[in-house]
Structures are given as C-alpha cells and as structure tokens.
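Enquirer: following is a predicted model, sequence given first.
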Amino acid sequence: MKPVIFLIVSIVITKSRLSNEDIGQWEMFMFISSFLTFFWVTGIIQSLLPLYHRNKTYRKVGDNGVSKSPELFNAFLLLCVFSLLLFVLGHSFKGYFSVFHNRGNVPFINLLLLYILFNSPVQLIEYIYLLNNRSYRIFQYGLYTFTAQLIFIITPLLLGKDIIWSIYGLLLITGFRWIWLIILLRRYTVIKVSMEFIREHLYVGIPLIITTLISGSAQYTDGIIVSVVYKDPAMFAWFRYGAKEFPLVLMLANGLGSAMLSEFSTREKMKQSLEILRVKSKRLMHILFPTTMFMMLIAKWLYPIMFRPEFHKSSGIFLIYSLLIIPRLVFPQTIIVGRKKTHIMLIAAIIEIAVNIPLSLLMIKWGYKMQGVALSTFIAYMVSNLYMVLYVWFKMNIKPSEYIPLKIYTFYSFLVGILFVLIDHSIINIH
C-alpha cells in the first residue's frame, strides 16, 4: 500500500504550485531517509522471521492462543538502537553532507533525522501481525495509517502551503504509528531484554544487513549517480519519478517472499514449501505480468497526464524499470535466507553492485544518459538473480523447476522483452 500512497503523493506534488526544484528537494528528502535506513531495517526484520520461535535462546510458544514473544521485543530494541545511533551520527556530521554539490544543503536535515529516528522502528508493526497470523490486521493497519498519511501530506499542498508542511504531516502520522506499535508490543511481546538472543539475531542479521546494503543500494546508486553527474534537482526529480517499479509488483512479490521465509527454516517441510512457492508464484505471474505489460503500453501517454508535460522523460525510465518484474518473480533468495545461508546473499549482492556501478558509468559515457543507468540496474539484477538460482540448484540440490513454473515464466518474460523492444523503438507508440 505504501508505494501506491507515495505514487498519489507524487501526482499531487507535480500538480501543485511547487517548482521542479522544490519537487527535487522533496524527492531528495525521501531518497535520503530511505537510503540511510533500508538496509539495516530490512536486515533486522528479515533475519527475525526465520528465528521467530526457531532459535537457540527461546523455543516455547506462549499460551492462550497468543504468542507472547521476547524475540519481537528484542528486535524492537535493535531497531531503536540503530535508529538512535544514526540520529546521533547524523547530527554530528550534518554540516559535511553534500547534495547536488552544495555542502550542508541537505533538504530539511533536522526534520529528516527526526523522521529517521521515529519511522524506522514502526516498520516492525506489519511483521508483528504477520508472525502472529493476523494478516487481515495488516490490511486494516495499512488502510488506516497510509490513508491518514496521504491526507496529512497532500492537504497542505492543496491549501497552497510550502512542502515543509507536508513533512510535518509525515512526522505526525509517524507519531500515531508509534502509539500503535506500543499497543502491539504490550499485547504480543514479553518485555524482557536478552543479550543472548540479540547476539544470535545479529549473527544471522549482520550478513543480511550487509547484503541488503550492497544489493538494495543498486537503486539508490542510480539516484546518486544521476545527482552527481547532472547536479540538477529537476533532473533528479525526473529520474526518480521514472525509476519506480510498478507498485503492485513490489507489494505482492515482496509479500510472498517474506511470508514464505519461515516455511524454509526447517528441512521437514522443504518439498511441500517448494511446491507452495511454485504455485503461489505462478498465480502472481498470471496477475502481474499482464498488468505490467499494460502499464508499459500506456506509460508514455500516462506520465504527462499524471504529472507535468516535462515528466514525459520519466516514462522511458519507468519502461526499463518495468523489466525488473522478470527477476522479481523468481524467489531463490527466499530459500537461501529461509535456510539462514545469508552469506550467499552477500556474494550475490557484491556481484550485483560490481556489475551495476561500472556499467552505469559506461552507459552514460556511451550516450545512453539516464536510460543507461536504469538499464544497468536491470542487467545487474538479472546477473545476481541467476547466481542465486544456480547456487540453489547446484549447492542445495533444488532444481529451478521445483519452485519456478518455468513454462509460464519463460513465456511471460519473452512477451515483456518483445513489448519493451517494440515500445522502445516506437513500433508501438501510444500517446
């Protein structure tokens, strides 16, 4: 739901009285907040999933149908410690940060650090519900809080206020999420600090944090390269508005991958879990590939309508990012992380970044500009994903056909590739 809300916010921002430079400042605020937190938040939470009730420190599930989990409370503490550390470091060095080659010109730096401090721990809310089999509560939580977030962000813009009032709204809804989180912690957790579990959590989590930093930084590396090469907030905004995967793909693919992690934590259910993963990914393919192809067809027509006429440049970036559905709907990483082989994810991440950065710079040198940066990201994702598939096949003796519906996947991937070529060469041209 979050990607949808921020897509609506993006549309409203471009329809407001804000200049392209102001839009670039907002995008940089959101970019930095995500860039500084995504890897350790993801690493801590993703490593919690296979450890939940399957760790050396705690083994018993609570009574009365509710799992009172000390694991969740200690994961919350880790998130708070990391957030506070980043907050302190950020204030210590904020005068040295550089954006668009202007030292000390990070947009709304004090509010940015405050947002990072409070927003990172609340990411745990959805996973508390997930681990306690309350999936319907995730939908309710998302509906209430993200709708409120949308209102708090866009209302100042509709009233003609400056973008800083939208940031205040973002902080306000984060405060409401903290209240929600405290209520859940009281209900579902045992408030007990365990250094033993924290060490066990970090042992599994640190490789995943490093892996996520290296792997996930590919999309952020794209933004950094564009901001450094072009030194223009407007250009950065055009790139950021295009450098987005279709939100439905992200939500459903990430949801399936996260939900299946705990299924692979034991060997006993391996065959059954592989079959479930294959069946569920097949269902996603029948939904997401046709939907993505439709979005690719109308992107050039839609972007100037959704945003501003000058944002037609972003549609070409979006077209390339749409190709990421091809590696996104294959899930070797779910098997690897579920089996706690996080060092393999680290290797895959290093491969990805090693391909992405030099290839992006070469693409720019060869004249492909921002489109070349996006294409490099797709190639890097494909190479990294192929490595993981081969590892699962040859080292874990799990054939791709055991968890990938190969015929359907190959068919849809071929169609997406052909459609991309036809649109890119203006053979199909919907304006």
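Expert: Here it is on my side, so go on. Just so it is clear, the model here is predicted, and its values are computed rather than measured. Numbers count the residues shown, from 1 in each chain.
Enquirer: for the stretch 301-431 of the chain, give me the ranges with low pLDDT.
Expert: For the stretch 301-431 of the chain, the stretches flagged by pLDDT under 70 are 431.
Enquirer: please enumerate the helices of it.
Expert: Remark: helices assigned in the stretch 301-431 of the chain by DSSP state H, counting those that start in this stretch are 312-321, 325-328, 332-338, 342-365, 369-394, 406-424.
Enquirer: deepest of the ones you listed, which one?
Expert: Stretch with highest mean neighbour count among these: helix 332-338 (a mean of 24; mean count of other C-beta atoms under 10 Å). Glycine gets a C-beta too; all of them are placed from N, C-alpha and C.
Enquirer: mind checking how far that one is from the chain centre?
Expert: On the basis of C-alpha atoms, centre = their mean, to the nearest Å, helix 332-338 sits 17 Å off its chain's mean C-alpha point.
Enquirer: returning to what we had before: of all the helices of the stretch 301-431 of the chain, which one is nearest residue 71?
Expert: helix 332-338 (16.4 Å; C-beta to C-beta).
Enquirer: alpha carbons only: can I get stretch 231-241 in PDB?
Expert: This file holds the C-alpha atoms of stretch 231-241, laid out as PDB (Å, rounded to 0.1, in the frame of the first residue of the first chain):
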ATOM      1  CA  LYS A 231      23.900  18.300 -10.500                       C
ATOM      2  CA  ASP A 232      20.300  19.400 -11.100                       C
ATOM      3  CA  PRO A 233      17.300  18.900  -8.700                       C
ATOM      4  CA  ALA A 234      14.900  18.900 -11.700                       C
ATOM      5  CA  MET A 235      16.800  16.100 -13.500                       C
ATOM      6  CA  PHE A 236      16.900  14.200 -10.200                       C
ATOM      7  CA  ALA A 237      13.200  14.500  -9.900                       C
ATOM      8  CA  TRP A 238      12.600  13.300 -13.500                       C
ATOM      9  CA  PHE A 239      14.800  10.300 -12.900                       C
ATOM     10  CA  ARG A 240      13.200   9.400  -9.500                       C
ATOM     11  CA  TYR A 241       9.700   9.600 -10.900                       C
END
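Enquirer: in it, what's buried?
Expert: Buried residues in stretch 231-241, counted by 16 or more other C-beta atoms under 10 Å: 232, 233, 235, 236, 237, 238, 239, 240, 241.
Enquirer: in CSV, list these along with secondary structure, distance to residue 341 and pLDDT.
Expert: Output for the buried residues of stretch 231-241, formatted as CSV (DSSP: H, G, I helix; E, B strand; the rest coil; distance: C-beta to C-beta, whole Å; pLDDT from 0 to 100):
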residue, secondary structure, distance to residue 341, pLDDT
232, coil, 43, 73
233, helix, 42, 73
235, helix, 40, 79
236, helix, 37, 80
237, helix, 39, 80
238, helix, 40, 82
239, helix, 35, 86
240, helix, 34, 83
241, helix, 37, 85
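Enquirer: for the residues you listed, please prepare TSV with the additional fields distance to residue 48.
Expert: Below are the buried residues of stretch 231-241 laid out as TSV (distance: C-beta to C-beta, whole Å):
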residue	distance to residue 48
232	40
233	37
235	39
236	34
237	35
238	37
239	34
240	30
241	33
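Enquirer: tell me the one of those residues nearest residue 426?
Expert: With C-beta to C-beta as the yardstick, the closest approach to residue 426 among the buried residues of stretch 231-241 comes from residue 238, at 19.9 Å.
Enquirer: hmm, that closest one is touching residue 312, no?
Expert: No - with contact defined as C-beta atoms under 8 Å, residue 238 does not count as touching residue 312 (9.2 Å).
Enquirer: low-scoring stretches of the stretch 101-250 of the chain, by residue?
Expert: In the stretch 101-250 of the chain (pLDDT under 70), the answer is 101-105, 215-219.
Enquirer: can you pull out the strands in it?
Expert: For the stretch 101-250 of the chain, the strands defined by DSSP state E, counting those that start in this stretch occupy 102-103.
Enquirer: give me the element the closest residue to residue 120 other than its chain neighbours is part of.
Expert: In this structure, residue 120 finds its nearest non-sequential neighbour in residue 83, 4.4 Å apart by C-beta to C-beta, 6 or more residues apart in numbering. Residue 83 is located in helix 70-93, with elements delineated by DSSP states H and E.
Enquirer: against which helices or strands is that helix packed?
Expert: When contacts are defined as 3 or more C-beta pairs under 8 Å, 6 or more residues apart in numbering; DSSP states H and E, helix 70-93 sits against helix 38-51, helix 109-119, helix 163-188, helix 195-230.
Enquirer: hmm, try it at 10 Å
Expert: Here helix 70-93 is seen to pack against helix 38-51, helix 109-119, helix 125-131, helix 163-188, helix 195-230 when contacts are counted using 3 or more C-beta pairs under 10 Å, 6 or more residues apart in numbering; DSSP states H and E.
Enquirer: got a list of what the residue nearest to residue 120 touches?
Expert: By C-beta atoms under 10 Å, 6 or more residues apart in numbering, the residues touching residue 83 are 37, 40, 41, 113, 116, 117, 118, 119, 120, 121.
Enquirer: make JSON lines out of these and add neighbour count and distance to residue 172.
Expert: Supplementary listing: the contacts of residue 83 in JSON lines, determined by neighbours: other C-beta atoms under 10 Å; distance: C-beta to C-beta, whole Å:
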{"residue": "37", "neighbour count": "20", "distance to residue 172": "19"}
{"residue": "40", "neighbour count": "23", "distance to residue 172": "25"}
{"residue": "41", "neighbour count": "23", "distance to residue 172": "21"}
{"residue": "113", "neighbour count": "21", "distance to residue 172": "17"}
{"residue": "116", "neighbour count": "20", "distance to residue 172": "16"}
{"residue": "117", "neighbour count": "19", "distance to residue 172": "15"}
{"residue": "118", "neighbour count": "16", "distance to residue 172": "11"}
{"residue": "119", "neighbour count": "20", "distance to residue 172": "12"}
{"residue": "120", "neighbour count": "24", "distance to residue 172": "17"}
{"residue": "121", "neighbour count": "25", "distance to residue 172": "17"}
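Enquirer: if we can go back for a sec, which neighbours do residue 238 and residue 312 have in common?
Expert: With C-beta under 10 Å, 6+ apart as the test, residue 238 and residue 312 both reach residue 303.
Enquirer: quick check: phi and psi on the residue nearest to residue 404 when sequence neighbours are not counted?
Expert: Leaving out its chain neighbours, the residue that sits closest to residue 404 by C-beta to C-beta, 6+ apart is residue 330, at 5.7 Å. In terms of degrees, to the nearest 10, the main-chain angles of residue 330 are phi -120, psi 140.
Enquirer: one more: residue 368?
Expert: Main-chain torsions, residue 368, degrees, to the nearest 10: phi -80, psi -10.
Enquirer: that one contacts residue 362, correct?
Expert: Yes - look at residue 368 against residue 362 with C-beta atoms under 10 Å: they come within range, at 8.9 Å.
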